[in-house]
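> Next input, structure requested:
(one chain, ligands or ions: 1)
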Amino acid sequence: MSTFTAFNPRTGDAAGPAFAEATAADIASAASRAASAFEQWRRVPARDRAKALRAIGNALIDARDQIIATVDLEAALGDTRINGELARTVAQLHGFADLLDQGAYVEAIIDSANPAATPPRPELRRVLQPLGPVAVFTPSNFPLAYGVIGGDTAGALAAGCSVLVKGHPSQPATSELFARIARAELAKTAGGADVLQLVHGRTPETGRGVVNAPEIQAVGFTGSVAAGRALFNVASARPEPIPFYGELGSLNPLFISPGALAERSADIATGLAASIAMGAGQFCTKPGLIFVPDSDAGREFAHTLASKLDAAPIGVLLNENIRHLLANRMQATMLVQGATCATDRDWPADAGFRAAPTLFVTDATTFAESSELREEHFGPISILVLSEPDQMKVIATELGGHLTGTIHAAADETAWAGALADALAQHVGRVIWNGFPTGVAVVPAMQHGGPYPSSTSSLHSAVGTTSIRRFLRPVAFQNMPEALLPAELQSSNPLGIERLVNGVRSASAL
Ligand code: NAP
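As a prediction, this is how the structure comes out:
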């Protein structure tokens, strides 16, 4: 039996006992249980699924002390961050519960028959139904909000899907704890505890086995571009391909105008340094690329930002793999002719996994010629590019897909900023004005997902209640007898939900 151990990021020592890598038989059994449970769970009325989600959220709050101790040992995030992420995780569950109570998420549409039309039109009633068992891959950098009962699992459960989670190998005890809490609450429902399955593993075979399980009908993945792309290919190559919703890496370009520098250069540097160093830079929304005017003010800004990063705390990285990859990236970036390291601190040699916030400064020509500078440096490292403001509009169209794009400009620079915003909106999921990309508000209007490679499907969001749409499939019923229709489509509208009836929104009976 193959086993693996998680490590305490602060010390590098083993964080707990060894966990067994899931075998092919374990994965087959978990997928089969998830498929059986799906047949029960999909029939549980939405308002009862809502009660279960709220109960899981409340159980998480009750387990707060155990959660903080377990997550901190495996992820070294500290009480404040873990409490904040716990609040977000519970809010996500409650948000989906509210959505289920309202019921309109099924997007029910009814178009009456019209025998007089040419050609005559049948009656059609369309509704969204749960896809089936969903596999969820959790990343290491959000042990709660994207963890075993994070956004993907909450959205899938809300949709009426069962879930098979592949836990992150850096945090097996955390995964076990969350699965135990959720399964205890699901056991009280008609779906049963098996609605949520968890397997562990740290080999690519385990991940591939989960995606290849024939019962799995969709995948929610959060992690690196390399792993996400590998698993996307597996999902697409199945005999029966399935949707793969990968939220991957992103450089989150940030553009600063001459007017913004003249108005508030020091404030922007302070906010940017905090955004880069926050969570040791291990956020998918970390501003990894900063474009600044190639002028005295721009060079002064680069100097100020580097000083602030040199004064920021040394971050603890989540695991040895992230540290290893970041160190390799750092070395490769050091070798780029025309890119200079503007920060002064060496990485600490202490035990554990640590990295000092670091800034590289380069020019637009070097940036255009170096693919290394367009790689994600997952950790507290960013690249600052000195370029002409007019060049920035062109660069924005050549960067590929990202989760976010940010503009810092003065109020009277609307022509420049408008053109840049228009270019960015073609390439990112969220355009930010005079702010910073870290800190993702969990509200229905949030868009977390952009063109590839930031996501494998730019059509949906991985954050906010609209993310439920990834796990629902439209089905239309033609001339179906009333008694055989799902409740959401019956003429009497027994659930009282809002529907689109012959082009008019209505919560009334027909
Ligand atoms: P990761 O190394 O990609 O791991 C994610 C999952 O994929 C783990 O379960 C991992 O398990 C598995 N995996 C890795 N390589 C694999 C392969 N070749 N084949 C099959 N499975 C594989 O990511 P992470 O370190 O946890 O998170 C950091 C990355 O996630 C960053 O790049 C960050 O930008 C991204 N991220 C994105 C978002 C977003 O919303 N877009 C949010 C958070 C993080 P094994 O290690 O066992 O293989």
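
> ranges for the helices of the stretch 51-200 of the chain?
Secondary structure of the stretch 51-200 of the chain (DSSP state H, counting those that start in this stretch): helices at 64-75, 78-102, 151-159, 172-186.

> Which one, of the ones you listed, ends up nearest to the ligand?
Closest to the ligand of the helices of the stretch 51-200 of the chain, according to Cβ to the nearest ligand atom: helix 151-159, at 8.8 Å. For every residue, glycine as well, the C-beta is placed using N, CA and C.

> Which of the helices of the stretch 51-200 of the chain sits closest to residue 413?
helix 78-102 (34.4 Å; Cβ to Cβ).

> can you list the residues of the stretch 151-300 of the chain near the ligand?
Taking Cβ under 6 Å from any ligand atom as the contact definition, the stretch 151-300 of the chain meets the ligand at 166, 168-169, 201-204, 207-208, 222-224, 227, 230-231, 247-249, 284.

> quick one: average pLDDT of stretch 444-452?
Confidence for stretch 444-452, expressed as mean pLDDT, is 97.

> what's the answer for stretch 419-435, then?
The model assigns stretch 419-435 a mean pLDDT of 97.

> Repeat that for stretch 149-159.
98.

> Please save the CA atoms from it in PDB.
Output of stretch 149-159 as PDB, limited to C-alpha atoms (Å, rounded to 0.1, in the frame of the first residue of the first chain):
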ATOM      1  CA  ILE A 149     -16.800  21.700   1.200                       C
ATOM      2  CA  GLY A 150     -15.700  24.800  -0.600                       C
ATOM      3  CA  GLY A 151     -17.300  26.600  -3.600                       C
ATOM      4  CA  ASP A 152     -17.200  23.800  -6.100                       C
ATOM      5  CA  THR A 153     -18.700  21.100  -3.700                       C
ATOM      6  CA  ALA A 154     -21.300  23.600  -2.300                       C
ATOM      7  CA  GLY A 155     -22.400  24.500  -5.900                       C
ATOM      8  CA  ALA A 156     -22.600  20.800  -7.000                       C
ATOM      9  CA  LEU A 157     -24.500  19.800  -3.900                       C
ATOM     10  CA  ALA A 158     -26.900  22.700  -4.300                       C
ATOM     11  CA  ALA A 159     -27.500  21.600  -7.900                       C
END
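
> For it, list every residue counted as buried.
If you call a residue buried by 16 or more other Cβ atoms under 10 Å, then stretch 149-159 has these buried ones: 149, 150, 151, 152, 153, 154, 155, 156, 157, 158, 159.

> Tell me the gap between it and the middle of its chain.
In terms of Cα atoms, centre = their mean, to the nearest Å, the centre of stretch 149-159 is set 12 Å apart from its chain centre.

> filter the residues of the stretch 151-300 of the chain next to the ligand to the buried ones?
Listed as buried from these are 166, 168-169, 201-202, 207-208, 222-224, 227, 231, 247-249, 284; burial here means 16+ other Cβ under 10 Å.

> CA-only coordinates of stretch 77-84 in PDB, if you can.
Below are the C-alpha coordinates for stretch 77-84, written out as PDB (Å, rounded to 0.1, in the frame of the first residue of the first chain):
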ATOM      1  CA  LEU A  77      -2.300  30.200   7.600                       C
ATOM      2  CA  GLY A  78      -2.800  31.600  11.100                       C
ATOM      3  CA  ASP A  79      -6.100  32.200  13.100                       C
ATOM      4  CA  THR A  80      -7.100  35.400  11.300                       C
ATOM      5  CA  ARG A  81      -6.900  34.100   7.800                       C
ATOM      6  CA  ILE A  82      -8.500  30.700   8.800                       C
ATOM      7  CA  ASN A  83     -11.400  32.500  10.600                       C
ATOM      8  CA  GLY A  84     -11.900  34.700   7.500                       C
END
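
> which residues are in contact with that stretch?
64, 67, 68, 71, 72, 85, 143, 144, 279 (Cβ atoms under 8 Å, 6 or more residues apart in numbering).

> So what's the gap between that stretch and the chain middle?
The chain centre lies 19 Å from the centre of stretch 77-84; the measure is Cα atoms, centre = their mean.

> Is that stretch positioned near the ligand?
No: judged by Cβ under 6 Å from any ligand atom, stretch 77-84 and the ligand are separated, with a smallest distance of 13.5 Å.

> and that stretch, which residues are buried?
Across stretch 77-84, burial judged by 16+ other Cβ under 10 Å covers 77, 81, 82.

> which residues in the stretch 301-450 of the chain form strands?
Secondary structure of the stretch 301-450 of the chain (DSSP state E, counting those that start in this stretch): strands located at 315-316, 340-341, 354-355, 358-363, 381-387, 402-408, 428-433.

> Let me see the ranges of the helices in the stretch 251-400 of the chain.
258-277, 296-311, 320-334, 364-369, 389-398.

> which other helices and strands contact the shortest one?
Packing partners of helix 364-369 (3 or more Cβ pairs under 8 Å, 6 or more residues apart in numbering; DSSP states H and E): strand 381-387, helix 389-398.

> I'd like those written out as a markdown table, with mean pLDDT and distance to residue 90 added.
Formatted as a markdown table, the helices and strands packed on helix 364-369 follow (pLDDT from 0 to 100; distance: least, Cβ to Cβ, whole Å):
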| stretch | mean pLDDT | distance to residue 90 |
| --- | --- | --- |
| strand 381-387 | 98 | 32 |
| helix 389-398 | 94 | 37 |
